[in-house]
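> quick one: sequence plus predicted model below, questions after.
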Amino acid sequence: GTGKAGASKGGKKKSDKQGGKKSEKEGPRLEIASLATLVGRYLGSILDKGHQLANDVWERQGELPQGCVAYAATDAYASLRVYKEILARIRALRKARAAAAAVTAGAGATDAAA
């Protein structure tokens, strides 16, 4: 080890591309979205980013201003709400698929009896 933060094994960087073509084994591409985008998409709200503070400012001040503490708490709470909403939608989708499968299976049994 060189002791450098961010150095990875084998000398490859995370940003290295492998040929540009996507193999079928990679699976679906994931979209990267900000928390503000997710809040808008899943909660229908706007996330106020007015008290966002750069790390270097935080380090110089030694203490976060109260508005920045509230901003961080809001981000944490919004993250939890988005997670719970996504989880609820996944559960509802699974329930709907199970119900549709049961109806389809029931229809097949009725057809066989006729």
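Noted; the coordinates are in hand. In this text the structure is predicted, and so the values were computed from the model without any measurement. Numbering: from 1, shown residues only.
> only C-alpha atoms from now on, for both contacts and neighbour counts.
Fine.
> secondary structure element for residue 95?
In the assignment (DSSP states H and E), residue 95 maps to helix 66-113.
> quick one: mean pLDDT over that helix.
For helix 66-113, mean pLDDT is 89.
> cool, stretch 45-59 as well?
For stretch 45-59, the per-residue pLDDT averages 76.
> residue 62 and residue 44, how far apart?
35 Å (Cα to Cα, to the nearest Å).
> wait, isn't residue 39 in contact with residue 82?
Yes. Between residue 39 and residue 82 there is a contact at 6.3 Å, judged by Cα atoms under 8 Å.
> gap between residue 33 and residue 74?
Counting by Cα to Cα, the gap from residue 33 to residue 74 is 18 Å.
> what about residue 103, distance to residue 96?
Taken as Cα to Cα, the span from residue 103 to residue 96 is 11 Å.
> what does residue 34 give?
29 Å.
> neighbour count for those two, which is higher?
Neighbour tally, residue 34 and residue 96, criterion other Cα atoms under 10 Å: the higher count belongs to residue 96, 12 against 9.
> gap between that one and residue 90?
On the measure of Cα to Cα, residue 96 and residue 90 end up 10 Å apart.
> same thing with residue 62?
42 Å.
> more crowded one of those two?
Set side by side, residue 62 and residue 90 show more neighbours around residue 90, with 12 against 9, by other Cα under 10 Å.
> which helix or strand contains residue 47?
Residue 47 belongs to no helix or strand, assigned by DSSP H and E.
> just give the nearest non-adjacent residue to residue 47, would you?
Closest residue to residue 47 apart from its sequence neighbours, by Cα to Cα, 6 or more residues apart in numbering: residue 36 at 5.3 Å.
> same question but for residue 35, I mixed them up
residue 79 (7.0 Å).
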